[in-house]
Every structure is written in C-alpha cells, then in structure tokens.
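Chemist: Here's my sequence, what's the structure:
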Amino acid sequence: MNKWIYLIATAIVLMLLLLTCPRSCNKKPGSCSGIHPPIHGVNVPWEVNSFLAETGDTLFYPSGSILIFPSHSLVDEKGNTVEGEVTVFYREFQNPVDFFIGGIPMNYDSSGISYVFESSGMFEISARKGKKPVYIHPQNKPEINLASTNNDPIPSVYYLDTLQKQWIYKGKDVLTCLDLPERKQPEGKALYAPVKPQKASGNRPVFTISVESEEVADLMAYHNLRFEVAEEETNYDPRYASIEWNNVGTKRGPIAGTIRVTFSNENDTVSFLTRPVVKGSDYEAAMEIYARKKKEYEEKQILRYEKEEAARKEQERIERINRLIEARNREIEALQRKSEGMFIQKTVIRSFFISNFGYWNCDEPFSWGNVTITARFVNENEEELKFESVFMAYKSRKSIQRFNSNQITFNPQEEIIIWGIANGRIAYLLNEDFRTYVCGTNQRACTIRMHVYPGLITSREEVSGLLGI
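Modeler: Numbers count the residues shown, from 1 in each chain. Prediction:
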C-alpha cells in the first residue's frame, strides 16, 4: 500500500513540474522540437553577448536591432532572480534562405483556413548562466527593437510554441519609421469656454448685433441675446447709437463674462466693454443651453488633454529610439569601417516586449496560391528525385512554403523558385525554367527536370547564390 502511495505521489510531483515549467525553448540553441534544419552544419549563426543580470544591458546588433534587458530581468527554473554573468544567444532570420536553412515553419492556421506567413522580421533568442538555461522575469520583460525594411502597420507579433508546434498570436508591435522627416504635431483648433449669459439689469444701455467671431460664436445659441454696456465701461456715449457703422467686431473682454464690441466706419472707431444678457423666461432657457455647452467644453478639454498626452508620450518614445539608434550606429561604425560596403538599410524599428525565449516573428498571413499540380521531379538524366520535402519561395516576398508531398500549390503571378534535397544534394529550378514545365493553369500533372548541385552545401551564401534570393 505504501509503495503505491509513493508511486502516485511521485507521479503527481513530476506532473506539476511539467505543468509549471516555462513553455520556452531554451534548453539548447536550435534544439526546439518542430524546427528541422535541412542541411547539417548550415544555419544562421548566433550573435553572442554577455552581461551581468543584476545590472542588465542594451545589446546592439549589426542588423540594426536593439535589445534592452532591464536589471533583474532573468530568473532560474525555480523563479528565483538570477545574478552574475549571463550569456544571450540571438540570431535573425531575414529572408527565405534563412527560413529554409533554419528549418522554420511558416504556416499559420486561422479559423480552419491555412495561410503562410510573410515576415517583416524574425529572430530566435535564448540565454544561459553557465550551462543552465535562464528564463524571463514575468514582471521585468526585455524590450525588442527589431530592425525591419517593412513600414506596413498590418503585421502582428507571433511566438512559436514548440510544444504545440504552432505560431501563437501575441499582439501588435509599435512602429518607428526612421527615414520620415520630423513632423510637428498639428495644433488643434482653439477651445473657448462658453460665455455665461446674465440677466439684463434693466438700467444699462443695451443693443443687439450679429456675432461672427469664433471666440464668442456660442452666444448665438441664446434666444433674444442682447449686449449690455458694462458698468465698468466709461467711454460709452448714447449718441453712438444714431451713427451708421460699417463693421462690428467682437472678442472676449479682460473681465470674465465680458465681451468687447468694436464699431467702425470710415471716420471713427469706438469700443465698449459689454456683458451678454437675456430677459425674463429667455434666461432659464439660456442657462440650460449654457450648462450643456459647458459640459461639452469640459469633455473636449479632457479629450484634447488625452490626445496631447498621447502625442507627448509618442514623441518621448521616438526621441528614446533615436538615442538608441545613435548609440547603435556608434557601436557598428567600427564594423562598417572593417567591411567595405557594409551599411544598414533598415528603415523601421518594430518594438515589443517578449515573455519567453524562443522564436518570435512579425508577420502578415497571406494565401499562398490557387493553382495546384502533382509534380514528378527528375534530374537532368531523367532519374527520379525523391524529396522528403519540396520548398518554394516567391522572389517578391519574405516567405517560404514547404510541401511534404508532390502536390504543390502556387500563384502563377509570382516569380517562383522551387527546390528540394535528395541524397544530400540540393536540386533547384528558377522561375523561367519552372514556367516551361508548368505552362498552363489547367495542367494537373507534369514532370519537372531539376538542376542538381554537384557539391555539398557548406554555407547559407551558397544556398543564396544558387537560388538567387
């Protein structure tokens, strides 16, 4: 009996450990399940940096990307904050060749519909202290500022769950375009608090005018509005009422609730301080209108403040990114001097925080194609080629499609590159040759003669040279 209790207790503990273990591929760089690099020894190289976990660091990469690790942003497998030197492994996958040699899946299912990702930036990241993996502190996440050439706001952020073997939507990134001219925030339309109407005193001169000034336009909402000469006004002369004036102007007076009215003609200009007034039952109706306009004004003030505050924060964010970019450029200046012609062409920074180590991608799903054929692949001697997988890329897109059978789907409007690996050799076909075999959309089966590279592939540069991507 005790033996069974011990076995059950042990099983429960193991199950809890599995459930509470971070779902992050961080055991060893490149060892994630679901990731199958097709060419042994050929992959995207790692960039390796070390820093003290308790102080954090800002890491700059030749691609132009900037990673910010706050202090105490890493924990061990028990959730304890890590201190001491940690090593960060980071690499970016920038084009179809990188996706291919990295063995990265680019498929995404949404509501039962299959799509393929087009990438605006992808990377893998992990970290260790000594030989042990470390993980991300859930309340102190690293910030990724991923350099990109795509300024389209549509792509979203995805994380590759290597246990489920699928990409998980994680939200949107924040775009900063680096090549746009500096733009000032447009000044909003001036807001004027409504002028409160007052009851006519009955013993001061009054007159009526048409109000056109935007400063006091709200006064026109009051029925039977009059302007009463303010008791503070000493320049008013009743004789002015008999003079013909060509122009009338209004603006807010120096005393709250007053309006300065100016009359002018060819010979003279006079100005009086007045108060807007209404009589009798019109006063109650005017006060209801005033209360409504006052509430609208206060709501507009709050909305304007929120917009101005958002604009201020956005400006601070851009200035911060610019400072980081200046520091990054200083870091890579030495590399640029060493490597003639090396320069950063990335014009966009895509910023977001990561909660796990592993594969992250800024992507937009799209439909791969609408033409499907069954292909029989042969070499130049008409010998059949047995591919475990067939790969296809479009020259205009940063994407790749993997077919696990001889049924391949494509978009005939795209410039197509197709390839596979048979007997350790890469066989490929470029767009012009591919179209000679697939000459019509009604063709459902065909034999495709591939070019077989005679040597073993030893670098991604060789793959890129063969495929022209």
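Chemist: How is this structure partitioned into domains?
Modeler: As assigned by automatic domain parsing, the chain contains the domains 2-178+346-362, 183-338, 370-467.
Chemist: Now do the longest one: distance to the chain's middle.
Modeler: Spelled out, it's domain 2-178+346-362. In terms of Cα atoms, centre = their mean, to the nearest Å, the centre of domain 2-178+346-362 is found 18 Å from the chain centre.
Chemist: do the same with the second one
Modeler: When distances are taken as Cα atoms, centre = their mean, domain 183-338 is centred 38 Å away from the chain's centroid.
Chemist: Give me the longest helix you can find in the protein.
Modeler: Taking DSSP state H as the criterion, the chain has its longest helix at helix 281-338.
Chemist: Pick out the shakiest of the domains of the chain, pLDDT-wise.
Modeler: For the domains of the chain, the stretch scoring lowest in mean pLDDT is domain 183-338; its value is a mean of 81.
Chemist: host element of Ile39?
Modeler: Assigned by DSSP states H and E, Ile39 belongs to neither a helix nor a strand.
Chemist: Sorry, wrong one. I was asking about Leu160.
Modeler: Secondary structure here is read from DSSP H and E; on that basis Leu160 sits in strand 156-161.
Chemist: picking that back up, counting by contacts, list what the longest helix of the chain packs against.
Modeler: In terms of contact count using 3 or more Cβ pairs under 8 Å, 6 or more residues apart in numbering; DSSP states H and E, helix 281-338 is assigned the packing partners strand 57-60, strand 66-69, strand 174-177, strand 348-353. C-beta: built from backbone N, CA, C; applies to glycine.
Chemist: hmm, back to that, got the angle between the strand holding Leu160 and strand 348-353?
Modeler: Counting by axes from the mean of the first three to the mean of the last three Cα atoms, to 10 degrees, strand 156-161 lies at 50 degrees to strand 348-353.
Chemist: okay but Lys170 is in contact with Pro155, surely?
Modeler: No. Here Lys170 does not reach Pro155: they are 11.9 Å apart, not a contact under Cβ atoms under 8 Å.
Chemist: more neighbours, these two?
Modeler: Pro155 (22 against 17; other Cβ atoms under 10 Å).
Chemist: Tell me which residues touch the more buried one, please.
Modeler: Each residue near Pro155 by Cβ atoms under 8 Å, 6 or more residues apart in numbering is listed here: Glu118, Ser120, Asp173, Arg350, Cys362, Asp363, Glu364.
Chemist: among the residues you listed, which two are most distant?
Modeler: The most widely separated members of these are Glu118 and Asp173, with 14.9 Å between them, by Cβ to Cβ.
Chemist: More neighbours: which of these two?
Modeler: Set side by side, Glu118 and Asp173 give different neighbour counts by other Cβ under 10 Å, the larger being at Asp173 (24 against 21).
Chemist: The top strand by length along the chain versus strand 156-161: what angle between them?
Modeler: The residue-count maximum for a strand in the chain (DSSP state E) belongs to strand 113-129. Computed by the same axes, to 10 degrees, the angle separating strand 113-129 from strand 156-161 equals 70 degrees.
Chemist: same for strand 113-129, what does it pack against?
Modeler: In this structure, strand 113-129 packs against strand 85-93, helix 96-102, strand 107-110, strand 143-148, strand 358-366, with contacts taken as 3+ Cβ pairs under 8 Å, 6+ apart.
Chemist: Which residue ranges of the stretch 151-300 of the chain form strands?
Modeler: Per DSSP state E, counting those that start in this stretch, the stretch 151-300 of the chain has strands spanning 156-161, 166-171, 174-177, 198-199, 206-207, 226-229, 247-252, 259-264, 269-278. These are given in chain order.
Chemist: Next, format those as a markdown table and append distance to Trp368.
Modeler: Formatted as a markdown table, these follow (distance: least, Cβ to Cβ, whole Å):
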| stretch | distance to Trp368 |
| --- | --- |
| strand 156-161 | 17 |
| strand 166-171 | 15 |
| strand 174-177 | 26 |
| strand 198-199 | 72 |
| strand 206-207 | 76 |
| strand 226-229 | 72 |
| strand 247-252 | 64 |
| strand 259-264 | 68 |
| strand 269-278 | 69 |
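Chemist: for the ones you listed, which one sits closest to Tyr437?
Modeler: The stretch from those with the least distance to Tyr437 (Cβ to Cβ) is strand 166-171; that distance is 32.5 Å.
Chemist: what comes into contact with that closest one?
Modeler: 105, 108-109, 117, 156-161, 352, 355, 360-361, 363.
Chemist: how about a cut-off of 6 Å?
Modeler: Contacts to strand 166-171, defined as Cβ atoms under 6 Å, 6 or more residues apart in numbering, come from residues Tyr108, Val157, Tyr158, Tyr159, Leu160, Asp161.
Chemist: Buried residues of it, list them for me.
Modeler: In terms of neighbour count (16 or more other Cβ atoms under 10 Å), strand 166-171 has its buried residues at Trp167, Lys170.
Chemist: now stretch 198-208
Modeler: In stretch 198-208, residues buried by neighbour count (16+ other Cβ under 10 Å) are Gln198, Ala200, Pro205.
Chemist: That one spans what distance, first to last residue?
Modeler: Between the opening and closing residues of stretch 198-208 we find a distance of 15 Å, counting by Cα to Cα, to the nearest Å.
Chemist: which residues are in contact with that stretch?
Modeler: When contacts are defined by Cβ under 6 Å, 6+ apart, stretch 198-208 is touched by residues Arg226, Phe227, Glu228, Val229, Arg275, Val277, Lys279, Tyr283.
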